[in-house]
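Asks: Dropping a prediction and its sequence here:
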Amino acid sequence: MSEQPTKTVEVVFPQHVNHYGSLFGGEALRMMDTVAFVAATRYTRRTMVTKAVTDVEYRAPVHHGEIAEMTAAVVEVGRTSVAVEVEMTAEVLLSGERRSCGSGRFTFVAIDEDETAVTVR
């Protein structure tokens, strides 16, 4: 639905990983929610807030020193909300090896200055 997917990348630094050296699930969720927010806001050009996070799946770890790339696309538009699907891919910087690591669906609601839901578009 959205004209172009929204992409972001982050390097996974030591403060982002657990004791196994892989990205904390909460950090991955934060990264995915952020790119989903940008995609929703670009699509609607409204103030958007996260309403729901569903179908989050972690398929493979993202390790310390790798890049986490998130790609988000608006997939559904309601009267006051949009749904955004996000894919997370890990990349080894030196080799270029990439693997799918996770995904999720994020629902956002458009609000006004009084935090009341308003129509999108």
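Replies: Yep, that arrived.

Asks: neighbouring strands for the helix or strand harbouring Glu69, and are they parallel or not?
Replies: Secondary structure from DSSP states H and E places Glu69 in strand 67-77. Here strand 67-77 has these sheet partners by DSSP bridges: strand 6-11 (antiparallel), strand 81-91 (antiparallel).

Asks: Okay, helices next: where are they in this structure?
Replies: Assigned by DSSP state H, the chain shows helices spanning 25-44.

Asks: At the geometric centre of it, which residue do we find?
Replies: By CA atoms, centre = their mean, the mean C-alpha position of the chain lies nearest to Met32, the distance being 2.2 Å.

Asks: quick one: Met48 from Glu66, how far?
Replies: Between Met48 and Glu66 the computed distance is 29 Å (CB to CB, to the nearest Å). Backbone N, C-alpha and C define where each C-beta goes, glycine included.

Asks: what about this protein, any weak spots by pLDDT?
Replies: Flagging of the chain using pLDDT under 70 yields the residue ranges 1-2.

Asks: Quick one: distance of the top strand by length along the chain to the chain centre.
Replies: For the chain, the strand reaching the highest residue count under DSSP state E is reported as strand 98-111. Taking CA atoms, centre = their mean, to the nearest Å, one finds the center of strand 98-111 at 4 Å from the center of the full chain.
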